[in-house]
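In: Test case, fold it:
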Amino acid sequence: MKIQYLTILLLALVIIVSGCKKKESDPDPIPYANFTVDGVKKEYNFHTNFNKFCIDVHFCGSFWESDENENINYIQVGLPSFVKSGETYVTTQGGGGSRLIISDANGNIYRTDFGGTVTFNIELWEGSNGWVKGTFSGSAVNEDDPLNDSIVIQNGYFQGKIWYISTK
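Out: Down below sits the predicted model:
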């Protein structure tokens, strides 16, 4: 009788364990950025990981329209060291821990740290080896002609992989 109960118990355990089989994880999202600049829609699918190797901001990631020429048609998102999911960060001239840089097809570079203001809304920040997703909008000025040349950025969205070495 004990063997019969033990057999039933083992059979029930096998059924329970096989029913709890680990579900395959969802594939990673695809990194990209899209936005409208002065009414023209852009989508950039070539990218770098967000990392700590930046100047004037703590985390940055870049997106390009094409991998043939990384000096034109790119956007760089810079975020502060204290970035968190659900937070809003506003760039200011002279820093503030976040920035946006956009290069157009002619090689003109527009920056928020030379003027203009962009608001980033961070929807997701998972830290090292995780993902960042967020929206942005605002304005930036031409680094060579900040008084006479600016752009308006609307409906911006980005998502990218985060990579850095954590000491924690």
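In: Can you list the low-confidence ranges for the chain?
Out: For the chain, applying pLDDT under 70 flags the ranges 1-26, 53, 55-57, 93-96, 165-168.
In: hmm, 50 instead?
Out: 5-23 (pLDDT under 50).
In: all strands in it, in order from the N-terminus.
Out: Assigned by DSSP state E, the strands in the chain fall at 32-37, 40-44, 46-47, 59-64, 74-79, 88-90, 99-103, 109-111, 118-125, 131-142, 150-161.
In: Redo those strands as a markdown table? Include mean neighbour count.
Out: Every residue, glycine included, has its C-beta placed from N, CA and C. A markdown table is the format used below for these (neighbours: other CB atoms under 10 Å):
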| stretch | mean neighbour count |
| --- | --- |
| strand 32-37 | 19 |
| strand 40-44 | 13 |
| strand 46-47 | 19 |
| strand 59-64 | 22 |
| strand 74-79 | 24 |
| strand 88-90 | 15 |
| strand 99-103 | 24 |
| strand 109-111 | 22 |
| strand 118-125 | 18 |
| strand 131-142 | 20 |
| strand 150-161 | 18 |
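In: and stretch 153-168, how far from the chain's centre?
Out: Offset of stretch 153-168 from its chain centre (CA atoms, centre = their mean, to the nearest Å): 3 Å.
In: Over to stretch 30-45?
Out: With CA atoms, centre = their mean as the basis, stretch 30-45 stands 13 Å off its chain's centre.
In: How far does that stretch stretch from one end to the other?
Out: 8 Å (CA to CA, to the nearest Å).
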